[in-house]
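Novice: Just a sequence and a predicted model for now, questions to come.
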Amino acid sequence: MADPDRNPWRRFLALPNESRTKTLVMAFLVSAVCGLMVSGATVLLRPIQTANRAAEEQARIEALVRGIPGMAALLEQSGGALSTVVIDIEEGRAAQDVTTATLEATLADTGNWTTLDAGVDIAGLGQRPDYAQIFLLRTGDAISLVLLPLTGQGYGGRIDAILALEGDLNTIAGIAITGHSETPGLGGRIEDPSWQASFPGTAIRDDTGDLRFNVARADASGPYQVDGITGATRTGRGVSNMVRFWLGPEGYGPLIRAIERGEF
Amino acid sequence: MAARFDIWSTLTEPLVRQNPVTLQILGICSALAVTTSLATALTMSVSLTVVLTLSAILISLIRRHIPETIRLIVQIVIVASLVIVIDQVLQAYFAGISRALSIYVGLITTNCLVLGRTEAYARHNAPFPAAVDAFGNGLGYSLILLFIGGLRELFGRGQLFGWQVLPPADAGGWFTPLGLMLLAPSAFFLLGGLVWAIRSFQPAQVEAPEHTPPADARSVE
């Protein structure tokens, strides 16, 4: 008996398309193959993507520093003394046993994160890392620029940014958005240099030391505001809260005071 | 059936005569969104053509075994997986452009053009004709994207592929960039103008009016 039905695969293919078995098995097979394809591509390409992102971040930091008026010249002058320090955020000083190389591994441990109470968590983070990598630019012995990485909650998701403060630690020298998922064309315009151009020169605190910085609803009024983006009120509020949180007592507040005391 | 398959006409028909964008008005959303510059339009065109061709081949290969009841889901799953793969490749090797295209690569999945071709053609034809048809349609889509992208970049910035072609006024030239060209409405205007131009040369493409005005409306005139 030459039985072609011996081979289960052929027997399966010979089933009518409408049969329940074939429908289920086809659905399973297609999903399995597609799943393999997608996870294969993701896993194989991840190292390249990570490297890309790191290179991009490095280029951004340099572009940020060089883009600030007079900074390129300053960098040349001071011999490019752009240094990086991992700090302990709560203590406001350089971290003892965490370096740039081990920072990522340290932060993978949830024990190195601090849960934030709802009252102080204005940036909507939920928790905050205990360590962060910051960049300092020195002219001679004096710090002329501090670059602080920020994270906040925008409208579409997390916003990552780097804020540059001038040596007086009260004047914004510039901002670079390193990652966001805001609506393209609306909140996504936080990436535009034209919007970011309203940051330099903006002051953060008034004479009494109160945090006054915010993103305006429309055009900026006063020395503590930057322009808002039409149609992206929540993105603006997100950026506002992000800067206010990170420059406040739960963020880089201790660090800023330490720099002011001359500890760096 | 295979004997009557004409590669050349299958490939060239979708370029103008059966263009998926201007005749069937498919894939408009992405055509408008990514045409602010030639580079993004080109990347989007290539990505879509690759996804379309590959998915047509895959679906055509299993066409005799796709159960009728779940055929749309099967096709969408295949298309979506290919799109994710392409997106990952772009993120790995063309990080800058991938950033500029943001969500639109992911949205190739929902581009009616892809499902339209696999559903209408690949599901009923052998892999090779299906691939040729899909490639032709991809080219048709690319043609429109590059045309609109070229016009918008040229008049919006005075550039082509990032090269300054027209000397801008603020650098001592004569050209004042038309900011409107970089906004979404101008893509509608250009596409509308293009459809109108193609249909005046090819009256066969003009659609029959769906509604005729009531007779008494005319008698009032």
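Specialist: Yep, it's here.

Novice: Show me where chain B has its helices.
Specialist: Ranges of helices within chain B are B:7-12, B:28-33, B:38-61, B:71-93, B:95-101, B:112-120, B:127-157, B:184-201, B:215-220, based on DSSP state H.

Novice: and the ones you listed as CSV, adding distance to A:D192?
Specialist: To be clear about C-beta, it is placed using only N, CA and C from the backbone, and glycine gets the same treatment. Listed next are these as CSV, based on distance: least, C-beta to C-beta, whole Å:
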stretch, distance to A:D192
helix B:7-12, 41
helix B:28-33, 17
helix B:38-61, 16
helix B:71-93, 22
helix B:95-101, 13
helix B:112-120, 31
helix B:127-157, 14
helix B:184-201, 16
helix B:215-220, 49
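
Novice: can you tell me if the helix or strand where A:W9 lies touches chain B.
Specialist: A:W9 belongs to helix A:8-14 when elements are defined using DSSP states H and E. Yes. Using C-beta under 8 Å from any C-beta of the partner chain, helix A:8-14 reaches chain B at A:L13.

Novice: which residues in the stretch 51-200 of chain A form strands?
Specialist: Taking DSSP state E, counting those that start in this stretch, the strands of the stretch 51-200 of chain A run over residues A:82-88, A:93-94, A:113-115, A:127-129, A:131-139, A:142-153, A:158-166, A:172-179.

Novice: Minimum distance to B:L113: which of the ones you listed has it?
Specialist: The minimum distance between B:L113 and the strands of the stretch 51-200 of chain A falls on strand A:172-179, with 30.8 Å, by C-beta to C-beta.

Novice: Please compute how far that closest one lies from its chain's middle.
Specialist: Computed by C-alpha atoms, centre = their mean, to the nearest Å, the separation of strand A:172-179 from the middle of its chain amounts to 10 Å.

Novice: Check which strands are paired with it and give the direction for each one.
Specialist: Strand A:172-179 has its sheet partners listed here by DSSP bridges as strand A:158-166 (antiparallel).

Novice: ok, B:F135 - contacts?
Specialist: B:L11, B:T49, B:L52, B:T53 (C-beta atoms under 8 Å, 6 or more residues apart in numbering or on different chains).

Novice: okay, now the domains of chain A?
Specialist: Following automatic domain parsing, one gets these domains for chain A: A:4-45, A:68-260.

Novice: So which of those is the most surrounded?
Specialist: domain A:68-260 (a mean of 17; mean count of other C-beta atoms under 10 Å in any protein chain shown).

Novice: Not counting its neighbours along the chain, what's nearest the closest residue to chain B within chain A?
Specialist: Relative to chain B, the nearest point of chain A is A:C34 (3.7 Å; C-beta to the nearest C-beta). What sits nearest to A:C34 in space, not counting adjacent residues and going by C-beta to C-beta, 6 or more residues apart in numbering or on different chains, is B:S81, at 3.7 Å.

Novice: Tally up the residues packed near that neighbour, please.
Specialist: Counted with other C-beta atoms under 10 Å in any protein chain shown, residues neighbouring B:S81 total 25.

Novice: ditto for A:E56
Specialist: Going by other C-beta under 10 Å, the residues that sit close to A:E56 add up to 15.
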